[in-house]
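Undergrad: quick one, fold the following:
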Amino acid sequence: MSDAAAPSIGAEEPQPPRDEVDDFLRYIAHERQLSPQTVRAYTDDLGELERFLDRFYGSSEWTWGGVDRLAIRSFMGDLATRKGNAKSSIARKLSAVRSFYRFLHVEERVDANPAKAVRSPKKVKTLPGFLTREQIRGIFDSAEVRAGDGGFHAMRNLAIMELFYGTGMRLSELQGLDMDRLDLLGERVKVLGKGRKERIVPVGRMAVRALRHYFEGREIVLAQATRGDRRAVFIGQTGRRLSVAHIQNIVKGFLKQVGDEHGLSTHSLRHTFATHLLDSGADLMAVKELLGHASLSTTQIYTHTSKERLKKIYRQAHPRA
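TA: Numbering: from 1, shown residues only. As a prediction, this is how the structure comes out:
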């Protein structure tokens, strides 16, 4: 590669997306109906690729059809060395590039997909963070004490925690949940997951009770709000739907009781839901359906706790244990 083609370390000013990227983003948003968060991630990833290719080719005159495998591999190398991206992040960005080029190929705008033959970096499998039964019990004891005074925020926050832990929903699924998807009499919820796939998940009695108490306060807030969102399950004091960031802060506030050193996040409640079910003998396929996983291999990461359960059964049942 010539010196002119080598990437330089300069400021990366965002540029307007090319027409092909615009068309792809519209396609995944409207035809594939991917979530706004996913569309935003694709936008960021492809924008990052465009800025790299401007540096790689020394100008902005390149075309998508002229990009080759070497350029894509160099992009991945840049993400790893100059930007210090984790392997999981690089693999996700490569997946976005592959999807984009697959779209261009189907649309007959390029002859080949240069990202297809590029290998993803091997991911380091890490066990997801989760809470023990004792930690969960402590968090809910605290949340129930706070909700006992009848304050709107405390009752809402308890309902959020109960529904998170009781259903294993993703953060985006809980944040976007509408009232017409909750059936408290039938003790179930219709969850709209990735790719707008719907699944029905049972809602436990503790979550149902917390939601009923919260809804009393919710009605009062909505009656006083001038622009309240009656569709949204979880709202703020103004009556509008809570943002993803707001819900994250609520959950993190409870998780701090456990300690920052455990590496817990909002997603840890979903991990805890799956872990506790499997640890109590739940069928792996049933947990897969409850979580809304497309592949069983995704759910199998939670089976690490089953080893402890098997040891316990062995000690209790085997005469020579």
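Undergrad: the stretch 51-200 of the chain: strands as residue ranges?
TA: For the stretch 51-200 of the chain, the strands defined by DSSP state E, counting those that start in this stretch occupy 182-183, 188-192, 198-202.
Undergrad: same question for the first one, mean pLDDT?
TA: Put plainly, it is strand 182-183. Mean pLDDT, strand 182-183: 96.
Undergrad: what's the answer for the second one, then?
TA: pLDDT averaged over strand 188-192 equals 94, rounded to a whole number.
Undergrad: list the buried residues for that strand?
TA: In terms of neighbour count (16 or more other Cβ atoms under 10 Å), strand 188-192 has its buried residues at 188-189, 191-192. Using the backbone N, CA and C atoms, a C-beta is placed for each residue, glycine as well.
Undergrad: what lines up beside it in the sheet?
TA: In the sheet, strand 188-192 lines up against strand 182-183 (antiparallel), strand 198-202 (antiparallel) (DSSP bridges).
Undergrad: tell me which of these is the most buried.
TA: Across these, averaging neighbours per residue (mean count of other Cβ atoms under 10 Å) puts strand 182-183 on top, at a mean of 16.
Undergrad: that older thread, rebuild the strands of the stretch 51-200 of the chain as CSV, extending it with distance to Y165.
TA: Below are the strands of the stretch 51-200 of the chain laid out as CSV (distance: least, Cβ to Cβ, whole Å):
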stretch, distance to Y165
strand 182-183, 16
strand 188-192, 13
strand 198-202, 12
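Undergrad: ok, which of those comes nearest E50?
TA: Of all the strands of the stretch 51-200 of the chain, it is strand 188-192 that lies closest to E50, at 31.6 Å by Cβ to Cβ.
Undergrad: kindly export that closest one (C-alpha atoms) in PDB.
TA: Provided in PDB are the C-alpha atoms of strand 188-192 (Å, rounded to 0.1, in the frame of the first residue of the first chain):
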ATOM      1  CA  ARG A 188     -49.100 -12.700  31.400                       C
ATOM      2  CA  VAL A 189     -47.500 -10.100  29.100                       C
ATOM      3  CA  LYS A 190     -47.000 -10.000  25.300                       C
ATOM      4  CA  VAL A 191     -43.400  -9.000  24.700                       C
ATOM      5  CA  LEU A 192     -42.400  -7.500  21.400                       C
END
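Undergrad: follow-up on the earlier one: wait, which of the strands paired with strand 188-192 is closest to M76?
TA: With Cβ to Cβ as the measure, strand 198-202 is the member of the strands paired with strand 188-192 nearest M76 (34.3 Å).
Undergrad: need the contact partners of the closest one.
TA: By Cβ atoms under 8 Å, 6 or more residues apart in numbering, the surrounding residues in contact with strand 198-202 are 167-169, 187-193, 289-290, 292.
Undergrad: what helices or strands is the helix or strand just after that strand leaning on?
TA: The first helix or strand that comes after strand 198-202 along the chain, using DSSP states H and E, is helix 205-224. Contacts defined by 3 or more Cβ pairs under 8 Å, 6 or more residues apart in numbering; DSSP states H and E place helix 205-224 against helix 133-147, helix 152-167.
Undergrad: now the first one against helix 152-167, angle please.
TA: Spelled out, that is helix 133-147. Angle of helix 133-147 versus helix 152-167, following axes from the mean of the first three to the mean of the last three Cα atoms, to 10 degrees, is 150 degrees.
Undergrad: re the thing from before, of the strands of the stretch 51-200 of the chain, which approaches V244 most closely?
TA: Comparing those under Cβ to Cβ, the one sitting nearest is strand 188-192, at 15.0 Å.
Undergrad: contacts for that closest one next, please.
TA: By Cβ under 8 Å, 6+ apart, strand 188-192 touches 163, 167, 169, 173, 176-177, 181-183, 198-203, 292.
Undergrad: which of the helices and strands packed on helix 205-224 has the lowest mean pLDDT?
TA: helix 133-147 (a mean of 93).
Undergrad: tell me how far that helix lies from the chain's centre.
TA: Computed by Cα atoms, centre = their mean, to the nearest Å, the chain-centroid distance of helix 133-147 equals 24 Å.
Undergrad: any buried residues in that helix, and which?
TA: Applying 16+ other Cβ under 10 Å to helix 133-147 flags 135-136, 139-140, 143, 147 as buried.
Undergrad: ok, stretch 205-223 next?
TA: Buried residues in stretch 205-223 (16+ other Cβ under 10 Å): 207-208, 210-211, 213-215, 217-218, 221.
Undergrad: could you do stretch 68-82 as well?
TA: 71-76, 78-79.
Undergrad: okay if I get the helices and strands packed on helix 205-224 as JSON lines plus distance to Y42?
TA: Shown next, in JSON lines, are the helices and strands packed on helix 205-224 (distance: least, Cβ to Cβ, whole Å):
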{"stretch": "helix 133-147", "distance to Y42": "35"}
{"stretch": "helix 152-167", "distance to Y42": "27"}
